[in-house]
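Q: Sharing a sequence plus its predicted fold:
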Amino acid sequence: MAKGNNMGVILGALLLAILMASMDNTITATAIGTIVGDLGGFDKLMWVTSAYMVAEMAGMPIFGKLSDMYGRKRFFIFGLIVFMIGSALCGTAESIVQLSIYRAIQGIGGGALMPIAFTIMFDVVPADKRGKMGGLFGAVFGLSSIFGPLLGAYFTDYVHWSWIFYINLPLGFIALLMIIFFYKESVEHSKQKIDYLGAFTLVASILCLMFAIELGGKEYAWDSSMIIGLFAAFAVLILGFIYIERRAQEPIITFGMFKNRLYSTSNIMAIFSGAAFITASIYIPVFIQGVLGGSATNSGLVLLPMMLGSVVTAAGGGAFLAKFNYRSIMIPILTLLVIGIALLTTLTTGSSRFMVTIFMIMVGLGIGSSFSVLSNAAIHGFSARQRGSASSTLNFNRELGMTLGITVFGIIQSHVFTNKLTSMFGSGGQMPEGVDLSDPSKILTPDTRDNIPAQVLDKITEALSSSIVHTFAWAIIPAAVALLAAFLMSKEKFDPASELEQYSASY
């Protein structure tokens, strides 16, 4: 660590950056209805969230590699500035198209902030304290899922929806000053050739994949030439990316890293545990409101027990790093995830809110350590000049797993729900009392539930319950794959002494 660094101030800046970047994945959730009401463009609604996620995912491995090549500080500052510019522009948007473009600018900044923040933490924190700090960073990542929807709801209801973006300006400015004046980077970086062609094929492949999964089954049929063409383009581009990277002098993603067993299994766990976790995060609130008739429409409040559970094991996993090897920590934790998801499959229309809460806590406990332990495992054994790439690839794969999980399990739930309703009310989809079946979510709000005959409402909630439980059953598969990957982990252990020796040798 460079002399003159104020660790407390630097960590404060990094935590602020992680909170902002991860929170912006969810902060629009509770405000989106009001935003669309003001700006119009309901048919382009999905891009408000997707534009941010696509840009963030595409930027993660690129900025991680660039930070290894040219230094963390300059690209972290770049990410903060771009993120704040995007936030300011979002608040001024006059159409949903403008907002989506500005969200993409935000995402570019977020793609630099997330991986580099974790990497700077690994650089500046002494090896013997890195486990606890990793737990703290993981806890903030989990808490962002709570504060995002809460802040979104508050600003929308009491101020204006634009402030869900403007709030990033003072926070970002504080983090910017902290990093500029208090973070002194000491690693010497040599200029190397940038793999522009690899960067282009990576970004283009992600765009094709996201367009395909977002538009498929909505704007276009899954077997339409448009969707098939997008998937084909994704396949060609990703194969081209792999070909280019294997021959590049300085690849964006160093595939040689995956020869390291600990690194490869950590990435597998990040992908599949993320897919299982996001499924629970999305459909538990739907179950509580739609099936149990809960009045809490804010997903942050509904998911509070699960997120608190994740904070406990995120911090606990980081604290245990110096005592147990990575494998010994992740196996019991991911076992809890599998059990928690399996318990969710036992829910029925007669389940109590207390029972759902217990199951949520179990799922939360089963995911927390993936934020802290895997972040340390992914950089284990790599030099300081490789950590940016290693950390960013892990974050990229976690985001990819969550994105694919949202899409795949969303298709499953929608398909089962539609089939159940069709079998109950006939192929024409006509429901009694003139209730519109075209958007089932609208009939599950408290205002409309009171106007639906009890017999009809019972059938709807039964169909919804069955579809969600069916989706949870499918989500056991990625959770189990993550657990299997934990068993396949090598038995390295976080060793502060060797980490310090290796780190010093890198400077």
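A: Right, received. Where do you want to start? Residues are numbered from 1 along each chain as shown.
Q: For the rest of this, base every contact and every neighbour count on C-alpha atoms.
A: OK.
Q: so which helix or strand takes in the spatially most central residue of the chain?
A: Closest to where the C-alpha atoms of the chain average out (Cα atoms, centre = their mean) is residue 399, at 4.6 Å. Applying DSSP states H and E as the criterion places residue 399 in helix 387-425.
Q: Show me the helices in the stretch 1-150 of the chain, by range?
A: 7-23, 32-39, 47-70, 72-91, 96-124, 130-158 (DSSP state H, counting those that start in this stretch).
Q: Point out where the stretch 51-200 of the chain drops to low pLDDT.
A: Residues of the stretch 51-200 of the chain meeting the criterion pLDDT under 70: 127-128, 131, 142, 145-146, 186-194.
Q: Domains of this protein: list them as residue ranges, please.
A: Domain ranges of the chain: 1-192, 195-249, 257-415+476-507, 418-468, per automatic domain parsing.
Q: which of the residues in the helix holding residue 399 are buried?
A: 387-413, 416-422, 424-425 (16 or more other Cα atoms under 10 Å).
Q: Please apply the same query to stretch 111-128.
A: Buried, per 16+ other Cα under 10 Å, within stretch 111-128: 111-128.
Q: Let me see the contact set for the residue nearest to the centre of the chain.
A: 57, 271, 274 (Cα atoms under 8 Å, 6 or more residues apart in numbering).
Q: For the first one, which non-adjacent residue is spatially closest?
A: Leaving aside its sequence neighbours, residue 57 sits nearest to residue 396 (Cα to Cα, 6 or more residues apart in numbering; 5.6 Å).
Q: got a list of what the one you found touches?
A: Contact analysis of residue 396 by Cα under 8 Å, 6+ apart lists 57-58, 60-61.
Q: ok, and the most crowded of the residues you listed?
A: Highest neighbour count within the contacts of residue 396, by other Cα atoms under 10 Å: residue 60, with 32 neighbours.
Q: measure that residue to residue 392 for me?
A: 5 Å (Cα to Cα, to the nearest Å).
Q: any shared contact partners between those two?
A: The contact sets of residue 60 and residue 392 overlap at 114-115 (Cα under 8 Å, 6+ apart).
Q: returning to what we had before: quick one: which of the contacts of residue 396 is nearest to residue 481?
A: residue 57 (22.5 Å; Cα to Cα).
Q: Next, count neighbours for the nearest residue to residue 20 once chain neighbours are set aside.
A: Nearest residue to residue 20 in three dimensions, chain neighbours excluded: residue 168, at 6.7 Å (Cα to Cα, 6+ apart). Residue 168 has 24 neighbours, counted by other Cα under 10 Å.
Q: tell me the contacts of residue 168?
A: 20, 84, 87.
Q: Closest one to residue 135 out of the residues you listed, please.
A: For the contacts of residue 168, the nearest to residue 135 is residue 20 (17.9 Å; Cα to Cα).
Q: quick one: the closest one from residue 75, how far?
A: 16 Å.
Q: Which one's more surrounded, these two?
A: residue 20 (25 against 19).
Q: need the helices for the stretch 351-500 of the chain, in chain order.
A: 353-365, 368-379, 387-425, 446-449, 454-487, 496-505.
Q: got the ones you listed as TSV, with mean pLDDT and distance to residue 147 columns?
A: Shown next, in TSV, are the helices of the stretch 351-500 of the chain (pLDDT from 0 to 100; distance: least, Cα to Cα, whole Å):
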stretch	mean pLDDT	distance to residue 147
helix 353-365	91	16
helix 368-379	84	17
helix 387-425	82	19
helix 446-449	60	24
helix 454-487	90	25
helix 496-505	54	33
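Q: of all those, which lies closest to residue 183?
A: Across the helices of the stretch 351-500 of the chain, closest to residue 183 is helix 387-425 (Cα to Cα), at 16.6 Å.
Q: re earlier: distance to residue 458 added to the helices of the stretch 1-150 of the chain, as JSON lines?
A: Shown next, in JSON lines, are those (distance: least, Cα to Cα, whole Å):
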{"stretch": "helix 7-23", "distance to residue 458": "36"}
{"stretch": "helix 32-39", "distance to residue 458": "27"}
{"stretch": "helix 47-70", "distance to residue 458": "33"}
{"stretch": "helix 72-91", "distance to residue 458": "42"}
{"stretch": "helix 96-124", "distance to residue 458": "37"}
{"stretch": "helix 130-158", "distance to residue 458": "29"}
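Q: With respect to residue 244, which of the contacts of residue 396 is nearest?
A: The closest of the contacts of residue 396, once distances to residue 244 are taken by Cα to Cα, is residue 61, at 15.0 Å.
Q: That closest one: what's it in contact with?
A: 252-253, 389, 392-393, 396.
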